[in-house]
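In: Quick one, fold the following:
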Amino acid sequence: MTTVYDFSATDIEGKEVPLDRFRGKVLLIVNVASQCGFTPQYAGLEALYRAHRDRGLEVLGFPCDQFGHQEPGSNEAIRDFCKLNYDVTFPLFAKIDVNGESAHPLYRWLKGAKPGVLGTEAIKWNFTKFLVDRAGEPITRYAPNDKPESIGPDIEAALNGSTWIDPLARHLPR
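Out: Residues are numbered from 1 along each chain as shown. Modelled structure (predicted):
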């Protein structure tokens, strides 16, 4: 059986990172961009990371330039932008494709495991998020407009060992 730990990715500094490094952690995997209307979500992602990293949360940011050319910079420029504007401390990876023939294998697997609305696998825009449990299995997929702070309760549940998240519950008053 395939898990997130079977993949590796190049980090923002150009080093190959086996995702097995994050074994036993809850992961929030996000395709990000610096010039998107959702870019302010970096602040919410960083807040989630800082609030929960000591309990085992890792946020993994994967820059992507496939949507409206909203991530045109080099990996160095992306890293600097994230640090300067949002004080990002969670792991960032090198720019990748999330759709098409050149899609990163991790994203091909995530999309197949957790398709979007009406079963479509394609990532529709920047800041699509995947929550992965401590065993490396995807729990749920979030749309770009799902703000990081709205998924905090789901992260809490995953950190506490829940492997099922009701996708409709986040749209109900809490």
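In: how long is stretch 117-130 from one end to the other?
Out: Start-to-end span of stretch 117-130 (CA to CA, to the nearest Å) is 14 Å.
In: who's in contact with that stretch?
Out: With contact meaning CB atoms under 8 Å, 6 or more residues apart in numbering, stretch 117-130 is reached by 27-33, 36, 38-39, 41, 64, 66-67, 70-71, 98-99, 107, 110-112, 114-116, 138, 140-144, 146, 148, 151. For every residue, glycine as well, the C-beta is placed using N, CA and C.
In: can you list the weak-confidence ranges in this structure?
Out: 163-174 (pLDDT under 70).
In: For it, which segments count as helices?
Out: In the chain, the segments counted as helices under DSSP state H are 41-52, 75-86, 105-113, 152-159.
In: can you list those in CSV and add distance to I12 and mean neighbour count?
Out: Compiled in CSV, the helices of the chain are given as follows (distance: least, CB to CB, whole Å; neighbours: other CB atoms under 10 Å):
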stretch, distance to I12, mean neighbour count
helix 41-52, 14, 19
helix 75-86, 5, 16
helix 105-113, 15, 18
helix 152-159, 23, 19
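In: Could you say which one of the ones you listed comes nearest to Y5?
Out: Among the helices of the chain, the nearest to Y5 by CB to CB is helix 105-113 (10.7 Å).
In: What is that closest one packed up against?
Out: Judged by 3 or more CB pairs under 8 Å, 6 or more residues apart in numbering; DSSP states H and E, helix 105-113 is in contact with strand 26-32, strand 138-142.
In: I'd like those strands laid out as CSV, including distance to G56 and mean neighbour count.
Out: Below are the helices and strands packed on helix 105-113 laid out as CSV (distance: least, CB to CB, whole Å; neighbours: other CB under 10 Å):
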stretch, distance to G56, mean neighbour count
strand 26-32, 6, 25
strand 138-142, 14, 21
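In: could I get those as CSV with distance to G14?
Out: Output for the helices and strands packed on helix 105-113, formatted as CSV (distance: least, CB to CB, whole Å):
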stretch, distance to G14
strand 26-32, 18
strand 138-142, 27
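In: Please name the nearest non-neighbouring residue to K129.
Out: Leaving out its chain neighbours, the residue that sits closest to K129 by CB to CB, 6 or more residues apart in numbering is Y142, at 4.0 Å.
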